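A.B. asks: Turn this into a structure:
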Amino acid sequence: MLVAAAVCPCPPLLVPDVAAGAAPELNTLREACADAVGLLAASRPDRLVVVGPVDGAGVSTFPPGARGGFASFGVPLDVRLGPVPGAGDDTGATAGGERPLPPSLAVAGWLLRGWNAGEATGLAVGESLEAERCAAEGRAAALSAGRVALLVMGDGSACRTVKAPGYLDDRAEGFDAVVSGALAAADTTALADLDAVLAAELRVAGRAPWQVLAGAAAGAGLRGELLYEAAPYGVGYFVACWT
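C.D. replies: Numbering: from 1, shown residues only. Model (predicted):
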């Protein structure tokens with residue numbers, strides 16, 4: 001059953017080595033993410049399922065200790081998804097499977113450095129995955145162990161300002177307001193009802209992962225708390241905890 005969840009954004013700039021000189025600009029966001037991960041650890045899960053977006057409409061799973069990195073961003077930094085079962089804390093240790101983590105889960109791997117509160121597995125969901133399939137994946141994740149926690153990675157609209165990746169769209173602020181309200185209230189219905197077409201038009205990376213959360217948390221009786229909400233670089237970022 002689901003006992004806790006955290007929502008964090010997944011821009012590679014969250015990793016200081018990637019952000020380089022711009023790193024201090026996101027220090028407050030990093031601190032909020034660290035607090036959220038700490039609350040997940042405090043829930044004492046048997047399993048942490050990390051959910052992140054990828055291109056397309058498919059679903060991929062990643063085992064505990066799966067590796068990824070930021071070489072595609074010009075940074076020779078490797079991470080992994082929690083510890084490798086039976087191994088030490090060497091990032092280079094062999095993890096099951098050869099597929100590298102997608103960027104969203106690699107950012108999660110960076111957030112989870114030092115994680116030792118139960119095994120961590122990855123679930124990459126396509127940004128265009130239909131809502132019903134997202135909910136089904138969430139329900140399955142919640143039933144995958146006795147005590148399950150979710151770390152849900154995803155960004156809001158990328159159209160909040162004229163300098164945003166998707167330029168300015170007047171609908172973006174309203175969409176993000178619905179998301180922030182749903183995350184603050186642990187409102188699974190509001191997340192499940194997010195418009196996938198509008199989300200795609202606003203370049204929202206978090207819609208599918210948030211709907212996985214909605215499926216996992218339905219009926220769990222969790223309470224929400226919004227730890228961070230802002231739109232640096234014109235992209236909506238949210239950090240929330242459900243406990």
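
A.B. asks: can you pull out the helices in the chain?
C.D. replies: For the chain, the helices defined by DSSP state H cover 16-19, 27-42, 103-111, 131-142, 172-185, 188-192, 196-201, 207-217.

A.B. asks: what would those look like in JSON lines with mean neighbour count, mean pLDDT and distance to Cys159?
C.D. replies: Heads up, the C-betas are built off the backbone N, CA and C, glycines and all. As requested, the helices of the chain are arranged in JSON lines below (neighbours: other Cβ atoms under 10 Å; pLDDT from 0 to 100; distance: least, Cβ to Cβ, whole Å):
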{"stretch": "helix 16-19", "mean neighbour count": "17", "mean pLDDT": "96", "distance to Cys159": "22"}
{"stretch": "helix 27-42", "mean neighbour count": "18", "mean pLDDT": "97", "distance to Cys159": "19"}
{"stretch": "helix 103-111", "mean neighbour count": "27", "mean pLDDT": "98", "distance to Cys159": "19"}
{"stretch": "helix 131-142", "mean neighbour count": "20", "mean pLDDT": "98", "distance to Cys159": "21"}
{"stretch": "helix 172-185", "mean neighbour count": "20", "mean pLDDT": "98", "distance to Cys159": "4"}
{"stretch": "helix 188-192", "mean neighbour count": "20", "mean pLDDT": "98", "distance to Cys159": "20"}
{"stretch": "helix 196-201", "mean neighbour count": "15", "mean pLDDT": "98", "distance to Cys159": "8"}
{"stretch": "helix 207-217", "mean neighbour count": "29", "mean pLDDT": "98", "distance to Cys159": "14"}
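
A.B. asks: Now do the same contact list for Ala5.
C.D. replies: 40, 149-152, 213, 216-217, 222, 241-242 (Cβ atoms under 8 Å, 6 or more residues apart in numbering).

A.B. asks: ugh, wrong one, Ala4
C.D. replies: 39-40, 42-43, 45, 149-150, 222, 241-243.

A.B. asks: ok, now Val54?
C.D. replies: 60, 102, 104, 124-127.

A.B. asks: Columns distance to Ala22 on top of those, output as CSV?
C.D. replies: Output for the contacts of Val54, formatted as CSV (distance: Cβ to Cβ, whole Å):
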residue, distance to Ala22
Ser60, 30
Pro102, 23
Ser104, 20
Ala124, 27
Val125, 29
Gly126, 29
Glu127, 25
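
A.B. asks: ranking the residues you listed by neighbours, who comes first?
C.D. replies: Ser104 (29 neighbours; other Cβ atoms under 10 Å).

A.B. asks: Contact partners for that residue?
C.D. replies: Ser104 is in contact with 10, 52-54, 124, 153-154, 205, counting by Cβ under 8 Å, 6+ apart.

A.B. asks: Who are the contact partners of Pro11?
C.D. replies: So Pro11 contacts 107, 155, 235, 237 (Cβ under 8 Å, 6+ apart).

A.B. asks: Top of the residues you listed by number of neighbours, please.
C.D. replies: Val107 (27 neighbours).

A.B. asks: Gly221 versus that residue, what's the distance?
C.D. replies: According to Cβ to Cβ, to the nearest Å, Val107 stands 29 Å off from Gly221.

A.B. asks: And for Ala5?
C.D. replies: The value you get for Ala5 to Gly221, if Cβ to Cβ is used, is 12 Å.

A.B. asks: cool, and Pro24?
C.D. replies: Computed with Cβ to Cβ, the distance linking Pro24 and Gly221 is 39 Å.
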